[in-house]
Structures are given as C-alpha cells and as structure tokens.
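1. With the sequence up front, the predicted model follows.
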Amino acid sequence: MKNRLSFSKMHGAGNDFVVIEDMKKTFKLSSVLVSALCDRHFGIGADGLILIQPSEAAAFKMLYLNSDGSRAGMCGNGARCAARFAYDHSIAQKSMAFETDSGIVEAEIMKDKVTISLSSVSGLKLNLDLGNAARAVSFAVAGVPHAVMLSENARDISHDDFLPIARNVRYHNKFNPGGANVNMVSVIDKNSLFYRTYERGVEDETLACGTGAVAISVITSHLGMTDSPVSCETSGGDILTISFDLTENGAKNCLLSGPAVESFSGDCSLDYYMKSG
C-alpha cells in the first residue's frame with residue numbers, strides 16, 4: 001500500500017515517543033505532520049517524534065521533535081529510546097555513539113536499561129528571583145534549558161495546580177527567547193529525590209524528563225542537598241539514575257540511566273495525516 005509509515009512506539013520512564021527509522025531519509029518532515037502523528041486523540045500519541053537518520057560522524061543521527069512539531073537539540077529519555085531502537089534494529093552495537101543536534105552522545109545497552117552520556121551541564125544560576133514566581137528558581141542547561149523549583153510536597157500538588165506555576169516560569173523573560181523546561185523537586189535524602197517536569201514543545205507535564213533529572217541532580221548538589229549518584233523518581237513512578245562530577249559552572253561526565261521500552265510497533269496511512277495538515 002502506498003504512503004504507509006512504519007513506526008515504533010517507545011517510552012523512557014513514561015516519556016513516550018514515535019520512533020521512525022529514516023536511514024534513507026525519505027520521511028518528508030513537516031511540523032504539521034509531526035504534530036498530527038503525536039496527537040493523543042487523532043494520532044499515534046506521544047510527547048515527541050524521533051527520526052533515526054544516517055550520520056557521517058557516528059552510528060546514526062537522532063533528530064528529535066517535540067509534539068508541537070518544534071525541533072529540540074536534545075531529549076535525554078528520547079536519546080535512550082533511540083539507542084535501544086538502533087540496537088534492536090541492528091543499526092548500532094551495544095556500545096555506541098550517535099549524533100544529536102547538541103553533539104555526539106555515547107550510549108550503552110544493559111539488559112532492560114540504557115545509559116547515555118551527556119558531556120556537561122552548564123550555565124548554572126542558583127536561587128534566581130523571578131519576582132512574581134511562586135518561589136526561588138535555579139537554572140542550568142543540560143542539552144536544553146531547565147528551571148528548577150524546590151518544594152516540600154511536589155508529589156502532592158495536583159496536575160491542575162502545577163500547570164499555572166510551571167507556565168509562569170516557563171515563559172518568564174529571564175529565560176527569553178526560547179523559554180525553559182520547568183521542574184519541581186522534593187529532595188528525599190542525599191541520594192534520592194522526586195520530581196515532575198513541564199516540557200517546552202509539549203506544553204504540558206510529562207511523566208518523566210531525562211535532561212530534567214540531570215539538571216535537577218546537578219543543581220541540588222550545588223545547593224548542598226544531594227551527592228552523585230542521585231536516584232530520581234519520576235511522576236510516572238520509574239527511577240532515573242544520574243551520576244556526575246561537579247564543576248564550578250555545572251557538571252561534567254554526566255550519565256543518565258533508566259528503562260527504555262518499545263510499547264508496540266505498527267504502520268499507519270500518511271494520507272490521513274497529510275490531509276489533516
């Protein structure tokens with residue numbers, strides 16, 4: 001049949017993606033098409049879409065797009081799913097390196113878990129006063145920008161109450177022009193915490209955020225609240241483990257480890273999605 005698209009639906013700790021093998025670069029990319037495929041009511045449904053494309057610098061290139069069709073430089077859980085997909089489809093070995101818009105990422109497949117390296121966390125700013133924000137906010141870049149708020153009861157705040165707090169920070173002028181992902185975290189002890197994330201491009205809370213877990217772990221460590229490694233419980237209930245070496249402006253040698261799972265695979269008609277766009 002013409003215009004059929006094969007895909008895998010994957011998730012990393014509940015952060016879910018449509019993954020497409022595009023090693024021949026035949027996928028006709030458009031933000032409208034990506035948004036339609038990621039729509040949870042009329043499409044496959046996902047937080048983002050990942051294209052696995054050829055690379056001259058590594059085993060493959062991960063091209064990542066948010067569910068609204070916007071392109072992002074990096075997604076930690078997406079990168080772990082991309083590595084799992086590439087290994088399962090004989091595109092890469094258990095130990096691999098692949099290209100992203102934020103640089104080369106190394107990954108290791110270990111049974112049901114995938115570990116990736118993020119070269120550094122930078123741009124650290126602690127305890128920013130945002131004026132009308134509900135609480136002090138810290139900031140760091142872990143491939144993408146993250147704002148982090150501390151809370152004694154992040155787990156107990158309802159989704160509907162979390163959204164306006166997060167949106168107030170996400171669009172704050174201190175984070176112009178691109179804005180920031182927003183994380184709320186409760187530190188449990190020196191090596192564990194609970195967090196939740198509002199993601200740019202999804203414009204909603206997601207069940208997990210890999211780069212968010214990295215940024216949170218580094219920021220709370222700089223605040224003297226945690227030490228590497230840090231076990232980060234997501235709002236979806238899974239655990240992401242972060243290790244790193246602190247630097248003056250953030251951290252280096254950052255590792256992100258956790259589950260990466262294929263939920264199902266299938267194919268769909270592109271004619272419908274192209275028509276809807």
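-> Perfect, I can see it now.

2. can you map out the strands along the stretch 1-150 of the chain?
-> In the stretch 1-150 of the chain, the strands defined using DSSP state E, counting those that start in this stretch lie at 4-12, 15-21, 48-53, 61-66, 71-72, 95-100, 103-110, 113-128, 137-141, 145-150.

3. Tabulate the ones you listed (TSV), appending mean neighbour count, mean pLDDT and distance to residue 158.
-> To be clear about C-beta, it is placed using only N, CA and C from the backbone, and glycine gets the same treatment. Listed next are these as TSV, based on neighbours: other Cβ atoms under 10 Å; pLDDT from 0 to 100; distance: least, Cβ to Cβ, whole Å:
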stretch	mean neighbour count	mean pLDDT	distance to residue 158
strand 4-12	20	96	23
strand 15-21	25	98	20
strand 48-53	24	98	25
strand 61-66	23	98	24
strand 71-72	18	94	27
strand 95-100	19	98	34
strand 103-110	17	97	35
strand 113-128	18	95	25
strand 137-141	23	96	20
strand 145-150	24	96	16
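
4. For residue 164, find the nearest of those.
-> Nearest to residue 164, of all those, is strand 145-150, at 13.0 Å by Cβ to Cβ.

5. And the next helix or strand past that closest one?
-> helix 159-170 (DSSP states H and E).

6. chain center to that following helix: distance?
-> From the chain centre to the centre of helix 159-170 is a distance of 18 Å (Cα atoms, centre = their mean, to the nearest Å).

7. what's the angle from the very next helix or strand once past that helix to strand 145-150?
-> Once helix 159-170 ends, the next helix or strand along the chain (criterion: DSSP H and E) is strand 181-189. Interaxial angle, strand 181-189 versus strand 145-150 (axes from the mean of the first three to the mean of the last three Cα atoms, to 10 degrees): 40 degrees.

8. tell me the angle of strand 181-189 relative to strand 137-141?
-> Counting by the same axes, to 10 degrees, strand 181-189 lies at 110 degrees to strand 137-141.

9. Can you name every helix or strand that strand 181-189 contacts?
-> Judged by 3 or more Cβ pairs under 8 Å, 6 or more residues apart in numbering; DSSP states H and E, strand 181-189 is in contact with strand 145-150, helix 159-170, strand 192-199, helix 210-222.

10. Buried deepest among the ones you listed, which one?
-> helix 210-222 (a mean of 29; mean count of other Cβ atoms under 10 Å).

11. what's around residue 32, how many residues?
-> 12 (other Cβ atoms under 10 Å).

12. Surely residue 193 and residue 230 touch.
-> Yes - at 6.4 Å, residue 193 and residue 230 qualify as touching, with contact defined as Cβ atoms under 8 Å.

13. Find the residues that touch each one of these two.
-> 217, 220 (Cβ atoms under 8 Å, 6 or more residues apart in numbering).
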